[in-house]
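Novice: below are the sequence and a predicted model for it; my questions follow.
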Amino acid sequence: MSNNNFSENFKLAMDGISSMADANTVIGEPVTTANGTTIIPVSKLSMGYASGGLDYTSKKAFEAGLVNPAANSGGVGGSGLTVSPVAFLIVSPTGSVEMLNINQPAGSSDPVSSIIGLVERSPELIERLRNALAKNKKPE
């Protein structure tokens, strides 16, 4: 099989995968709410790639020099990419950080409900975080 064709096909496939899966795929673009809370999505990325090729020149034709082996080769490749949201990093205006895991949401059964709850609760989360930090700073 021609190394050039296989190499070119493999490079083309990997370039396509690379363009879909960059760092912003795993750690998403930050979203800032009206009260200053920043929400950063975190995702799980799964990829797979398979390829194969063959030469289908007969041995007799090849030995006789009747066929160009590069013209009688074939190759195929395929890839798959899955992006699944797994969590959100919540950064308060004061700089404290909380991680909300959407696979085990409190009181919600699906990721959409978790996201809606996160947006609705962002002021409450910040207040809880402030209270917890204030309690930790008090001398005993």
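Specialist: The structure has been received and is ready for your questions. Nothing here was measured: the structure is a model prediction, and the numbers come from that model.
Novice: and the one helix or strand Lys44 maps to, what does it pack onto?
Specialist: Here Lys44, judged by DSSP states H and E, is contained in strand 38-55. Here strand 38-55 touches helix 3-20, helix 23-26, strand 31-32, strand 73-91, helix 111-137, going by 3 or more C-beta pairs under 8 Å, 6 or more residues apart in numbering; DSSP states H and E. (Each C-beta comes from the backbone N, C-alpha and C, glycine too.)
Novice: mean pLDDT for those: which is lowest?
Specialist: The minimum mean pLDDT among the helices and strands packed on strand 38-55 belongs to helix 111-137 (a mean of 66).
Novice: wait, Arg130 touches Thr94, no?
Specialist: Yes. Between Arg130 and Thr94 there is a contact under C-beta atoms under 8 Å: 6.8 Å.
Novice: which of these two has more neighbours?
Specialist: When Arg130 and Thr94 are compared for neighbours, Arg130 comes out ahead with 14 against 10, by other C-beta atoms under 10 Å.
Novice: relative to Phe88, how far out is the more buried one?
Specialist: 19 Å (C-beta to C-beta, to the nearest Å).
Novice: try Leu66
Specialist: For Leu66, the distance to Phe88 equals 64 Å [C-beta to C-beta].
Novice: settle it for me: which of those two has more neighbours?
Specialist: Higher neighbour count among Leu66 and Phe88: Phe88, with 21 against 10, using other C-beta under 10 Å.
Novice: can you count the residues close to the nearest residue to the more buried one once chain neighbours are set aside?
Specialist: Leaving out its chain neighbours, the residue that sits closest to Phe88 by C-beta to C-beta, 6 or more residues apart in numbering is Leu100, at 4.7 Å. Here the number of neighbours of Leu100 (other C-beta under 10 Å) works out to 19.
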